[in-house]
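**Q** got a predicted model here, sequence first, then my questions.
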Amino acid sequence: MTTGAVTGLNMTLSVGGDILGGQRSVSVNFAQATIDVTSRDSSRKGEYLAGRRDVTIDFDALYIYTDIAKKVLVNHFTSASPATLTCIVTMPDGITYTGTGNLTSFTLNGPFEDALTASGSIQITDGITASAS
């Protein structure tokens, strides 16, 4: 039994200094590319070097008309020259992941008999830093 497990309830995303309102889920995705350097000298085993590291943040939230963070996200796409977004993900234990990036997708979904939602993905462009609060 895992007694140290916690729910994701207190994991939050802030965009441009404001917490994204109505959050339902937040994901921080870390990916490490590899470079294949396998040769005939590899004894039939794959050999790889570490390559590029990518981080994306995905979110899903209720659409709240007065939410400042959502206005920042919408303005990112409607601006003629969008600036990078500063994002902070705060974990339940107080550790924060901070980075800047570009909004690569943003979806508003208005089903007939359900809540209006906003979801999207932010590609971190300068790496991400982790720190305790």
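**A** Nice, I can see it. Just so it is clear, the model here is predicted, and its values are computed rather than measured.

**Q** any idea which element the nearest residue to residue 66 once chain neighbours are set aside lies in?
**A** In space, and not counting its chain neighbours, residue 66 is closest to residue 21: 7.8 Å by CB to CB, 6 or more residues apart in numbering. The C-beta positions use only the backbone N, C-alpha and C, and glycine is treated the same way. Assigned by DSSP states H and E, residue 21 belongs to no helix or strand.

**Q** for the helix or strand bottoming out on mean pLDDT in the chain, which residues meet the burial criterion?
**A** One helix or strand of the chain scores below all others by mean pLDDT, DSSP states H and E: helix 68-78, with a mean of 86. For helix 68-78, the neighbour count (16 or more other CB atoms under 10 Å) marks 69-70, 72-73, 76 as buried.

**Q** ditto for stretch 112-131
**A** Residues of stretch 112-131 classed as buried by neighbour count (16+ other CB under 10 Å): 117-124, 128.

**Q** residue 123 and residue 116, how far apart?
**A** Per CB to CB, to the nearest Å, residue 123 is found 25 Å from residue 116.

**Q** with residue 64 instead?
**A** 9 Å.
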